[in-house]
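Trainee: please work out how this folds:
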Amino acid sequence: MDVCHHSRIRCWECARVQELDERVQELEQAIREALNRMKQGGPGTRTQVQVMLERALGGTE
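Mentor: As a prediction, this is how the structure comes out:
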C-alpha cells in the first residue's frame, strides 16, 4: 500500500500534492515545446505557440 510521509495510507494532502506536481510537469513540457517552436520560427509560429499554450492552460485565453 501507498503510505505517505504522514505515515497514513495515501492521505488527501499528499494525493493533492502529487496531482499538482503532475500538472506542473505538464505545463513545463508545454512551455518547452512552445519555446522550441518559437526557435524554429516560420509561418504560423505565433498561432501554433498560442494553441499549445491555450491547450496547456485548459483552453483559457
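Trainee: quick one: distance of the one helix or strand residue 50 maps to to the chain centre.
Mentor: Under the criterion of DSSP states H and E, residue 50 resides in helix 45-56. Distance of helix 45-56 from the chain centroid (CA atoms, centre = their mean, to the nearest Å) equals 14 Å.
Trainee: what comes up buried for it?
Mentor: 48, 49, 52, 53, 56 (16 or more other CB atoms under 10 Å). The C-beta positions use only the backbone N, C-alpha and C, and glycine is treated the same way.
Trainee: show me the contacts for the nearest residue to residue 48 once chain neighbours are set aside.
Mentor: Excluding its sequence neighbours, the residue lying closest to residue 48 (CB to CB, 6 or more residues apart in numbering) is residue 37, at 5.5 Å. By CB atoms under 8 Å, 6 or more residues apart in numbering, the contact list for residue 37 reads 45, 48, 49, 52.
Trainee: from those, pick the one nearest residue 19.
Mentor: Nearest to residue 19, judged by CB to CB, of the contacts of residue 37 is residue 52 at 21.9 Å.
Trainee: was I right to think that closest one contacts residue 32?
Mentor: No. Counting by CB atoms under 8 Å, residue 52 does not reach residue 32; the two are 10.1 Å apart.
Trainee: export stretch 14-26 as CSV, just CAs?
Mentor: Output of stretch 14-26 as CSV, limited to C-alpha atoms (Å, rounded to 0.1, in the frame of the first residue of the first chain):
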residue,chain,number,x,y,z
CYS,A,14,-0.2,14.0,-0.3
ALA,A,15,-2.6,12.9,-3.2
ARG,A,16,-3.3,16.6,-4.0
VAL,A,17,0.4,17.5,-3.9
GLN,A,18,1.1,14.7,-6.3
GLU,A,19,-1.7,15.9,-8.6
LEU,A,20,-0.3,19.4,-8.6
ASP,A,21,3.3,18.1,-9.2
GLU,A,22,2.0,16.3,-12.3
ARG,A,23,0.2,19.4,-13.5
VAL,A,24,3.4,21.4,-13.1
GLN,A,25,5.3,18.9,-15.2
GLU,A,26,2.6,19.0,-17.9
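Trainee: thanks a lot, see you next time.
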